[in-house]
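K.L.:
Please work out how this folds:
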Amino acid sequence: MDIATTTLVERIARTLAGLDHSANGAGRETSAATSVDETWRAYLAQADAVLRTIREPSATMSTTGDPAVWAAMIDAAIAESETV
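P.N.:
Got it, this is the predicted structure:
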């Protein structure tokens with residue numbers, strides 16, 4: 001399994017920025033990489049909200065793995081987000 005080199009909150013923030021800027025989302029830019037690089041930090045609060053929302057796994061998710069492990073991993077991501 002690959003391990004990410006950036007924090008989960010940054011990846012979420014970059015995805016949200018991409019949705020706003022890219023023509024593939026709600027934006028108009030055919031290549032939004034520069035805009036995303038310049039603006040992703042403005043999406044950190046929204047990304048943090050996503051992390052806090054997914055802290056509790058769904059019933060289906062909990063049948064696939066240990067809910068305590070999932071919650072611990074998301075809690076770690078939330079704690080890590082405070083350093084970004």
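K.L.:
Let's see the pLDDT reported for the residue lying farthest from the centre of the chain.
P.N.:
Centroid-distance maximum for the chain: residue 63 at 23.2 Å, with Cα atoms, centre = their mean. As predicted, residue 63 sits at a pLDDT of 94.
K.L.:
Next up, phi/psi of residue 22, please.
P.N.:
Per-residue torsions, residue 22: phi -80, psi 140 (degrees, to the nearest 10).
K.L.:
quick one, phi/psi of the residue farthest from the centre of the chain?
P.N.:
Dihedral angles (degrees, to the nearest 10) for residue 63: phi -80, psi -10.
K.L.:
Residue 29 too?
P.N.:
phi -80, psi 130.
K.L.:
Pull stretch 9-18 out as CSV, backbone CA atoms only.
P.N.:
C-alpha atoms of stretch 9-18 as CSV (Å, rounded to 0.1, in the frame of the first residue of the first chain):
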residue,chain,number,x,y,z
VAL,A,9,-6.1,17.6,5.5
GLU,A,10,-3.9,19.1,2.8
ARG,A,11,-5.0,16.6,0.3
ILE,A,12,-8.7,17.3,1.1
ALA,A,13,-8.1,21.1,0.9
ARG,A,14,-6.4,20.7,-2.4
THR,A,15,-9.3,18.6,-3.7
LEU,A,16,-11.8,21.2,-2.6
ALA,A,17,-9.7,24.0,-4.2
GLY,A,18,-9.6,21.9,-7.4
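K.L.:
gap between that stretch and the chain center?
P.N.:
Its chain's C-alpha centre and that of stretch 9-18 lie 6 Å apart, by Cα atoms, centre = their mean, to the nearest Å.
K.L.:
and the residue at minimal distance from the centre of the chain, how far is that from residue 34?
P.N.:
Nearest to the geometric centre of the chain sits residue 12, at 2.2 Å (Cα atoms, centre = their mean). Per Cβ to Cβ, to the nearest Å, residue 12 is found 19 Å from residue 34. (C-beta placed from N, C-alpha, C; glycine too.)
K.L.:
now do residue 27
P.N.:
Using Cβ to Cβ, we find residue 27 at a distance of 12 Å from residue 34.
K.L.:
Cool, thanks, talk later.
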